[in-house]
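Chemist: here's a sequence, model it:
(2 chains)
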Amino acid sequence: KAGVTQTPRYLIKTRGQQVTLSCSPISGHRSVSWYQQTPGQGLQFLFEYFSETQRNKGNFPGRFSGRQFSNSRSEMNVSTLELGDSALYLCASSLGTGEQFFGPGTRLTVL
Amino acid sequence: QQQVKQSPQSLIVQKGGIPIINCAYENTAFDYFPWYQQFPGKGPALLIAIRPDVSEKKEGRFTISFNKSAKQFSLHIMDSQPGDSATYFCAASKGNKLVFGAGTILRVKS
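Modeler: Residues are numbered from 1 along each chain as shown, chains lettered A, B, ... in the order given. Predicted coordinates for the structure are as follows:
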């Protein structure tokens, strides 16, 4: 079975721009969660989608949004980028609850 | 109440040693406690996980010990190898919202 895939792997943007990241979960997995990883704040939960509905949300501003498609693929969007948004963005998939499997991440650099 | 506190921040052991990483949580609603291993440039990889109705779980060289009354859990790595050098994260969740510890950088010297 193929693992979780994320595209692109690396991204460089400038302040004020917006960005869209993509995640394809493991086949059969209906839950996709997004996390932000930074040296200062560690790993933080952004949100979770299950069957196209947001099921859980972390403490991030409204500039961070996401969606899930009928094939379980998910996208995350960050608008009006700030320097502090530079991070590794990780996507994790699971069947429902419990075991979550992470992708390799998208490294976003905001200049 | 959502925090998971992890210690130590870093750890150096000799090959064959048994590094132990500890975590403590506050939220008694948490019902799932996984450990992840992360290598530089990679996403976290699930190592082993436990639910609070079990006090210990072993998978290969990795063992979780869980103390529900103390709200603590720990990871032991038996017969550690240089290839185990990585960052280890504990986490806790209710549903799929994982709350992570700050991580422990482990170095196994050969």
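
Chemist: direction included, what does the helix or strand where residue A:108 lies pair up with?
Modeler: Using DSSP states H and E, the secondary-structure element containing residue A:108 is strand A:106-110. Each strand that pairs with strand A:106-110, with its direction, by DSSP bridges: strand A:10-13 (parallel), strand A:87-94 (antiparallel).

Chemist: buried ones in it, by neighbour count?
Modeler: Neighbour-count burial for strand A:106-110 flags A:106-108, A:110 (criterion: 16 or more other C-beta atoms under 10 Å in any protein chain shown). The C-beta positions use only the backbone N, C-alpha and C, and glycine is treated the same way.

Chemist: any chance of a markdown table for these, columns pLDDT?
Modeler: Formatted as a markdown table, the buried residues of strand A:106-110 follow (pLDDT from 0 to 100):
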| residue | pLDDT |
| --- | --- |
| A:106 | 98 |
| A:107 | 98 |
| A:108 | 98 |
| A:110 | 98 |
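
Chemist: tell me which of those is nearest to chain B?
Modeler: When the buried residues of strand A:106-110 are compared for distance to chain B, the smallest value, 8.6 Å, is given by residue A:107; criterion: C-beta to the nearest C-beta.

Chemist: nearest residue to that closest one in space, please, no chain neighbours.
Modeler: Nearest non-adjacent residue to residue A:107, counting by C-beta to C-beta, 6 or more residues apart in numbering or on different chains: residue A:10, 4.9 Å away.

Chemist: tell me the confidence at residue A:95?
Modeler: Note for residue A:95: predicted pLDDT of 89.

Chemist: excluding chain neighbours, what is closest to it?
Modeler: residue A:29 (5.6 Å).

Chemist: tell me the secondary structure for that neighbour?
Modeler: Three-state assignment for residue A:29 (DSSP: H, G, I helix; E, B strand; the rest coil): coil.

Chemist: backbone phi and psi for it, please?
Modeler: When read as degrees, to the nearest 10, the backbone of residue A:29 gives phi -80, psi 130.

Chemist: distance of it from chain B?
Modeler: The spacing between residue A:29 and chain B, counted by C-beta to the nearest C-beta, to the nearest Å, is 11 Å.
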